[in-house]
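In: no sequence for this one, just the structure:
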């Protein structure tokens, strides 16, 4: 069985607005074993070219665009993103079973043509959302934990490889899905950093213990004076 190091479980979120800043951060992390996450902000400013540059530096790439549209649109769009050479991509679970199933099928088909099939995962509930916001603003009757677990079960049924969820829900997801189902957790904050705009957070060590597969870490790494040192300090 392949042994995965802690760094290989970290996805450093390049939530910046420009190519030069993204490449500077990537340069300090090159060779560390971590992933890079390209989200909506960076993609809006740089497009697919950024992905190709980061892949050339040897990084696995998680393209975090949270696709959410009618099934046909998501299916067609995700084929194009697979052609960028990403290693993981996501959709919103709230798009429903058919949207997720067609996305999973399209990724498998398009990736097979290219000889590399990315993982496709589903976003459950954003980690910036608190329990009160979820109930009062969204009008959902069940609590976040119950809702996340049900979405994860639906995502697995639809053929997705995993979900994005808070580490606070990871243990419940793990109990209700297969052992190889991926749980990617944002809202990770080491003990020495601030929570900022995240509402449901855990430390890296707590998240892995709860059952997380990968940890998305943004500002504690990318806003540090020394991103490489900050990556190594995550486990303190």
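Out: Perfect, I can see it now. Only a predicted model underlies this, so the values are computations on that prediction, with no experimental measurement involved.
In: which other residues reach the longest strand seen in the chain?
Out: Assignment by DSSP state E gives strand 61-67 as the longest strand of the chain. With contact meaning C-beta atoms under 8 Å, 6 or more residues apart in numbering, strand 61-67 is reached by 11, 13, 35-40, 43, 51, 54-55, 74, 77-78, 81, 84-92, 95, 103, 123, 184, 214, 216. (Glycine included, C-beta is placed from N, CA and C.)
In: for it, buried residues please.
Out: 61-67 (16 or more other C-beta atoms under 10 Å).
In: stretch 10-18 now?
Out: Buried residues in stretch 10-18 (16+ other C-beta under 10 Å): 10-16.
In: next one: stretch 87-99
Out: So stretch 87-99, judged by 16+ other C-beta under 10 Å, has buried residues 87-93, 95, 99.
In: nearest to residue 209 among these?
Out: Closest approach between the buried residues of stretch 87-99 and residue 209, by C-beta to C-beta: residue 88, at 22.4 Å.
In: related to what we said a few turns ago, out of the contacts of strand 61-67, which sit inside strands?
Out: 11, 13, 35-39, 88-92, 123, 184, 214, 216.
In: which residues sit against the helix or strand of the chain with the lowest mean pLDDT?
Out: Least confident element among the helices and strands of the chain, by mean pLDDT, DSSP states H and E: helix 131-136 (a mean of 78). Residues from elsewhere that reach helix 131-136 (C-beta under 8 Å, 6+ apart): 125, 140-141, 143-144, 147, 199.
In: pick the one among those residues closest to residue 30.
Out: residue 199 (32.4 Å).
In: would you turn the buried residues of stretch 87-99 into CSV with distance to residue 107 and pLDDT?
Out: Putting the buried residues of stretch 87-99 into CSV (distance: C-beta to C-beta, whole Å; pLDDT from 0 to 100) gives the following:
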residue, distance to residue 107, pLDDT
87, 11, 98
88, 10, 98
89, 7, 98
90, 11, 98
91, 10, 98
92, 15, 97
93, 15, 97
95, 14, 96
99, 13, 98
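In: in the helix or strand where residue 105 lies, which residues are buried?
Out: For residue 105, the element it lies in under DSSP states H and E is helix 97-114. Neighbour counts over helix 97-114 (16+ other C-beta under 10 Å) mark 99-104, 106-107, 110-111 as buried.
In: tell me the average confidence for stretch 60-77?
Out: Here stretch 60-77 scores 98 as its mean pLDDT.
In: now do the end-to-end distance for that stretch.
Out: One end of stretch 60-77 to the other measures 21 Å (C-alpha to C-alpha, to the nearest Å).
In: how about residue 40: what's its closest non-neighbour residue?
Out: residue 65 (5.9 Å; C-beta to C-beta, 6 or more residues apart in numbering).
In: can I get the buried residues of strand 61-67 in a markdown table including distance to residue 232?
Out: Formatted as a markdown table, those follow (distance: C-beta to C-beta, whole Å):
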| residue | distance to residue 232 |
| --- | --- |
| 61 | 21 |
| 62 | 20 |
| 63 | 26 |
| 64 | 23 |
| 65 | 29 |
| 66 | 29 |
| 67 | 33 |
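In: between those residues, which sits nearest residue 22?
Out: So of the buried residues of strand 61-67, ranked by how close each gets to residue 22 (C-beta to C-beta), first place is residue 61, at 11.6 Å.
In: relative to residue 152, how far out is that closest one?
Out: Distance, residue 61 to residue 152, by C-beta to C-beta, to the nearest Å: 23 Å.
In: then residue 99?
Out: Per C-beta to C-beta, residue 99 is found 16 Å from residue 152.
In: check residue 141 too.
Out: From residue 141 over to residue 152 (counting by C-beta to C-beta), the distance is 18 Å.
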